[in-house]
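Chemist: Pasting a predicted model and its sequence here:
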Amino acid sequence: MKQLRHSLPRFSLGLPGSIALLASALVLAGCASAPQSPSGAVAARERLMQLQNDPDLASRVSVSIRAADAAVTTAEQPIKDKVLSDHRVFIATREVDVAWAQARTRQLEDQRAGLTEKRDSERLDSRTREADRANDAAAMAREDSEALRREIAELNAKTTERGLVVTLGDMLFETGKAQLKGNAFANLGKLSNFMNSYPERTLVIEGHTDSVGSESSNMSLSQRRADAVRTYLLEQGVAANRLSAIGKGEGYPVAGNDSNSGRALNRRVEVIITNPLASAQ
């Protein structure tokens with residue numbers, strides 16, 4: 001037994017081996033803590049790569065692929081602003097949808113041209129219908145993306161950590177009143193149209209006042225004003241479970257209350273529009 005123990009080889013990592021193990025552990029720790037791309041961006045990248053890896057389809061839509069790749073690259077960037085991140089993922093997904101739809105449309109159109117030469121009327125009709133549907137899908141995807149951008153711009157919405165915020169100034173109400181004025185309906189009409197166009201989104205309506213009057217009366221006034229906006233949107237067909245109204249009173253000023261201009265800025269209704277991706281995750 002003594003001879004057997006002396007004959008067994010002895011293993012030792014030594015200093016170089018220990019350093020190598022430590023370096024590997026640090027690399028693994030760095031990888032684990034590296035910021036991750038949003039899951040929606042990863043899915044969009046996978047679908048885009050599927051298109052890029054199909055030479056027949058990819059060769060037909062090189063411009064759309066470049067646009068989609070740029071949108072996906074932007075969406076893949078990890079940022080702390082979740083609402084903006086979700087919005088980027090939404091746009092990237094749309095761009096990938098457009099590229100796919102255009103590729104299929106052009107492929108089907110080429111196949112239709114070949115069938116025309118062979119005078120196969122039955123197959124030609126089928127391919128024509130498929131091409132028309134694919135073309136309609138591409139057009140709708142593009143129109144949806146452009147419409148969303150236009151409507152957000154028309155609402156003067158700002159992207160914040162709470163969602164898309166639309167600020168409606170004190171032109172909605174008479175001083176000390178909670179009844180909507182006639183000129184309020186133009187701005188609120190844009191808001192109701194937006195909500196009816198995007199039924200996956202919900203709305204939080206916040207009423208705010210200046211510091212004139214008692215705190216309790218201002219709280220009551222802000223709630224009644226938020227309720228008035230909610231009632232109008234209900235009358236325009238927006239579902240009740242998508243709307244909530246909250247009175248904030250004078251506690252959240254955006255300017256000083258020591259001037260007429262500052263008080264006018266504080267008398268406002270803020271509408272927070274949720275992002276559909278943010279609410280789904």
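Modeler: That came through fine.
Chemist: how about the strands in the protein?
Modeler: Per DSSP state E, the chain carries strands over the ranges 158-160, 163-168, 203-208, 243-247, 268-273.
Chemist: which stretch in those is the model least sure about?
Modeler: Lowest mean pLDDT within those: strand 158-160, at a mean of 83.
Chemist: Just the residues contacting that one, thanks.
Modeler: 81, 83-84, 87, 164-167 (CB atoms under 8 Å, 6 or more residues apart in numbering). For glycine as for every other residue, the C-beta is placed from the backbone atoms N, C-alpha and C.
Chemist: Adjacent strands (with direction) for that strand?
Modeler: strand 163-168 (antiparallel) (DSSP bridges).
Chemist: Extract the CA atoms of the partner strand and return them as PDB.
Modeler: The C-alpha trace of strand 163-168 is given here as PDB (Å, rounded to 0.1, in the frame of the first residue of the first chain):
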ATOM      1  CA  GLY A 163     -46.600  56.300 -20.300                       C
ATOM      2  CA  LEU A 164     -47.600  58.700 -23.100                       C
ATOM      3  CA  VAL A 165     -48.800  61.900 -21.200                       C
ATOM      4  CA  VAL A 166     -51.200  64.400 -22.800                       C
ATOM      5  CA  THR A 167     -51.500  67.700 -20.900                       C
ATOM      6  CA  LEU A 168     -54.800  69.500 -21.400                       C
END
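Chemist: Just name the most buried of the strands of the chain.
Modeler: Neighbour counts (mean count of other CB atoms under 10 Å) averaged over each of those peak at strand 203-208, with a mean of 24.
Chemist: Now do the domain split for this protein, please.
Modeler: Annotated domains of the chain cover 39-150, 158-280 [automatic domain parsing].
Chemist: Endpoint to endpoint, the first one covers what distance?
Modeler: According to CA to CA, to the nearest Å, domain 39-150 extends 26 Å from its N-terminal end residue to its C-terminal end residue.
Chemist: Can you give the distance of that domain from its chain's centre?
Modeler: Here domain 39-150 is found 18 Å from its chain centre; the criterion is CA atoms, centre = their mean, to the nearest Å.
Chemist: could the strands of the chain go into JSON lines alongside distance to residue 228?
Modeler: As requested, the strands of the chain are exported to JSON lines (distance: least, CB to CB, whole Å):
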{"stretch": "strand 158-160", "distance to residue 228": "23"}
{"stretch": "strand 163-168", "distance to residue 228": "11"}
{"stretch": "strand 203-208", "distance to residue 228": "9"}
{"stretch": "strand 243-247", "distance to residue 228": "9"}
{"stretch": "strand 268-273", "distance to residue 228": "9"}
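Chemist: that older thread, out of the contacts of strand 158-160, which is nearest to residue 201?
Modeler: residue 164 (8.6 Å; CB to CB).
Chemist: Could you pull up the residues touching the closest one?
Modeler: By CB under 8 Å, 6+ apart, the contact set of residue 164 is 83, 152, 155, 157-158, 272-273, 275.
Chemist: Buried residues, stretch 250-266. List them.
Modeler: Using 16 or more other CB atoms under 10 Å as the test for burial, stretch 250-266 gives 250, 253, 263, 265-266.
Chemist: Turn these into JSON lines, columns for pLDDT and distance to residue 222.
Modeler: Below are these laid out as JSON lines (pLDDT from 0 to 100; distance: CB to CB, whole Å):
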{"residue": "250", "pLDDT": "95", "distance to residue 222": "8"}
{"residue": "253", "pLDDT": "95", "distance to residue 222": "12"}
{"residue": "263", "pLDDT": "92", "distance to residue 222": "14"}
{"residue": "265", "pLDDT": "92", "distance to residue 222": "15"}
{"residue": "266", "pLDDT": "93", "distance to residue 222": "10"}
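Chemist: quick revisit: quick check: the farthest pair among the contacts of residue 164?
Modeler: Across the contacts of residue 164, the longest distance by CB to CB is 15.0 Å; it joins 83 and 155.
Chemist: tell me the two of the buried residues of stretch 250-266 that are most distant?
Modeler: Spanning the widest gap among the buried residues of stretch 250-266 are 250 and 265, at 12.6 Å by CB to CB.
Chemist: Distance-wise, check the nearest residue to residue 104 once chain neighbours are set aside relative to residue 221.
Modeler: Nearest residue to residue 104, sequence neighbours excluded (CB to CB, 6 or more residues apart in numbering): residue 134, at 4.5 Å. Separation of residue 134 from residue 221 (CB to CB, to the nearest Å): 54 Å.
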